[in-house]
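Asks: the sequence and its predicted three-dimensional model are supplied below.
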Amino acid sequence: MIYNEEFETLPREVLEALQLKRLRQVMERVYHTVGLYRKSFDEAGVSPEDLTSLNDLHRFPFTTKGDLRDNYPFGLFAVPMSNIVRLHASSGTTGKSTVVAYTRRDIETWSELMARCFVAAGLTRNDIIHNAYGYGLFTGGLGAHYGAEKMGASVIPMSGGNTKRQITILQDFGPTAICCTPSYALTLAEAGAEIGVDMRALKLRVGILGAEPWSEQMRSEIEDKLDITALNIYGLSEVIGPGVSMECIEGRNGMHIFEDHFIVETIDPDTGAVLPPGEAGELVFTTITKEAFPLIRYRTRDISRIMTEPCRCGRNFFRMERVSGRSDDMLIIRGVNVFPSQIESILMAIEGLEPHYQLIVERTGTLDTLTIKVEVSDKIFSDEVRMLQGLERRISKDIKDYLGVTAAVRLVEPKSLQRFEGKAERVVDKRRS
Ligand code: DLL
């Protein structure tokens, strides 16, 4: 099923003509209303009139998180506050948070995008959606909420936290879909099992999971523990919130980018050079319909790959592969680049390990060291010490073979590592402190 058949299946050339028209309009508007863009376009010697094809976009300067911080809180808004009906903010790990704004029409656009996501997940107005994304400044809660209402499903505005209560609601209200981070889906599965609830017997059918990187192996774990189809949803507050792209239940392979609202590029994160579709690089988005907070060539730091192959669901939008990590989360261990998600994939492929792990990076003298703590299953934990040591060696060897980094592996007791209600924080980089 497709929510907006007309736009989601536009033939490529019609879509691109629409993108160009919308792009010209937004460029013209930001040039005249946002100081940063006037300055940066002038400095780069480009003007909105230069846009005669979509390729001309490559000549315009990037916008970065730094630009957002420098203009904190409201400096990049393109409309007066009287036209803004909503503010959200994302909590940056460093410095000030990023503030984003919406006009009434932006909220309408965002709700439609989220409605498209739910329909792509196979949901209808007969579904009940348990929304465990946090409500508040985070875009996850309200973004999903408005989309669920827009497509006519019944939404339970659960928000994050209070895990026991969530399980009661899951049992009593019988929601058929759940929205939360993949790590929280696991937390719920585990907490339910602990109090003797058969989490596979709930009415849940599908999970709309995102807001953090996760692996294919993590998907299998979640699907198995909750007996659901787990689908990936991507988005970031700066661009609109959740609903920038979504996996369809028919394809389950890569997230369709809603290209009638966003133009995507992939670039080499080191040089800024634009890469051809199909090559992995940093995603860059330009919003072409947003009113309050348009963004031109925004560098996301998220590493992915654009897939141009057609999908059997019938949507014509290009897809993006699951995000393999953020260029600023990439760990450089003795010169070798590794993403936490690559380590996760290796760990999850080994039997007896639980999907709960922590990566600790330290500097001893001039050398970086990586320690991986990973929980083992109850069964393995009661095995002999010799067995456990053998398993640790095997994991170290796999990590070395696949990723080329040396890691000390420490198997830890089941349920001993921290659990998360929102985004998981699995890396402890002691070199930074
Ligand atoms: O996380 C919006 C969101 C809410 C997306 C709910 C999906 C579901 P921010 O807090 O601004 O917004 O964080 C955005 O989260 O740049 C990615 O690094 C990461 N991220 C979001 N979705 C995914 C995903 C929301 N499906 C940042 N896979 C982004 C991997 C994701 N990373």
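Replies: Happy to help now that I have it. Numbers count the residues shown, from 1 in each chain.

Asks: three-state assignment of the residue in the stretch 301-433 of the chain that the ligand sits nearest to?
Replies: In the stretch 301-433 of the chain, no residue comes nearer to the ligand than residue 323, which is 3.6 Å away by CB to the nearest ligand atom. Quick note: C-beta positions are derived from backbone N, CA and C, even for glycine. Under DSSP: H, G, I helix; E, B strand; the rest coil, residue 323 falls in the coil class.

Asks: can you tell me the element residue 166 falls in?
Replies: helix 163-173 (DSSP states H and E).

Asks: could you list the residues in contact with the next helix or strand after that helix?
Replies: With elements assigned by DSSP H and E, the helix or strand that comes after helix 163-173 is strand 177-180. Strand 177-180 has contacts (CB atoms under 8 Å, 6 or more residues apart in numbering) with 118, 121, 123, 127-133, 140, 144, 153, 160, 170, 185, 188, 204-209, 226, 228, 233.

Asks: what mean pLDDT does the helix or strand that strand 177-180 is followed by have?
Replies: Of the helices and strands lying after strand 177-180 in sequence (DSSP H and E), the nearest is helix 182-194. In this model, helix 182-194 carries a mean pLDDT of 95.

Asks: helix 182-194 near the ligand anywhere?
Replies: No - Helix 182-194 lies apart from the ligand when judged by CB under 6 Å from any ligand atom; the minimum separation is 8.2 Å.

Asks: what residues are up against the residue nearest to residue 303 when sequence neighbours are not counted?
Replies: Spatial nearest neighbour of residue 303, chain neighbours left out: residue 324 (5.1 Å); criterion: CB to CB, 6 or more residues apart in numbering. Residue 324 sits next to 213, 280, 303, 304, 339, 341, 342 when contact means CB under 8 Å, 6+ apart.

Asks: would you mark the buried spots in the helix or strand harbouring residue 337?
Replies: Using DSSP H and E, residue 337 sits within strand 336-338. Neighbour counts using 16 or more other CB atoms under 10 Å place residue 338 of strand 336-338 among the buried residues.

Asks: what lines up beside that strand in the sheet?
Replies: Within its sheet, and counting by DSSP bridges, strand 336-338 is paired with strand 331-333 (antiparallel).

Asks: contact residues of the stretch 151-300 of the chain facing the ligand?
Replies: By CB under 6 Å from any ligand atom, the residues of the stretch 151-300 of the chain that approach the ligand are 210-213, 232-237, 241-242, 300.

Asks: just send the residues you listed back as TSV, with secondary structure, pLDDT and neighbour count too.
Replies: Output for those, formatted as TSV (DSSP: H, G, I helix; E, B strand; the rest coil; pLDDT from 0 to 100; neighbours: other CB atoms under 10 Å):
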residue	secondary structure	pLDDT	neighbour count
210	strand	97	30
211	coil	95	25
212	coil	92	17
213	coil	90	25
232	strand	98	24
233	strand	98	26
234	strand	98	24
235	strand	98	26
236	strand	97	21
237	coil	96	22
241	strand	98	28
242	strand	98	28
300	strand	97	21
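
Asks: before we move on, back to that, please indicate which of the contacts of residue 324 are buried?
Replies: For the contacts of residue 324, buried by 16+ other CB under 10 Å: 213, 303, 304, 339, 341, 342.

Asks: from these, which is closest to residue 7?
Replies: residue 304 (22.6 Å; CB to CB).

Asks: can you give me the pLDDT of residue 96?
Replies: 75.

Asks: what does the one 10 residues further on give?
Replies: According to the per-residue confidence, residue 106 scores 98 in pLDDT.

Asks: start the count at 574 instead of 1 going forward.
Replies: Will do, 574 is the new start, and the previous item becomes residue 679.

Asks: who's in contact with it?
Replies: Applying CB under 8 Å, 6+ apart, the residues near residue 679 are 659, 813, 863, 864, 865, 866.

Asks: so which of the residues you listed wins on neighbours?
Replies: Ranked by neighbour count (other CB atoms under 10 Å), the contacts of residue 679 have residue 813 at the top, with 29 neighbours.

Asks: OK, contacts around that residue?
Replies: Contacts of residue 813 (CB under 8 Å, 6+ apart): 679, 682, 683, 686, 712, 716, 834, 835, 860, 863.

Asks: next: residue 838.
Replies: Residue 838 touches 630, 631, 847, 856, 857, 858, 859, 870, counting by CB under 8 Å, 6+ apart.

Asks: picking that back up, I'd like the next helix or strand past the strand holding residue 910.
Replies: Past strand 909-911, the next helix or strand by DSSP H and E is helix 913-921.

Asks: tell me the gap between the biggest strand by length in the chain and the middle of its chain.
Replies: Secondary structure of the chain per DSSP state E: the longest strand is strand 926-937. Computed by CA atoms, centre = their mean, to the nearest Å, the chain-centroid distance of strand 926-937 equals 21 Å.

Asks: taking helix 913-921 as reference, get the angle to it.
Replies: Relative orientation of strand 926-937 versus helix 913-921 (axes from the mean of the first three to the mean of the last three CA atoms, to 10 degrees): 130 degrees.
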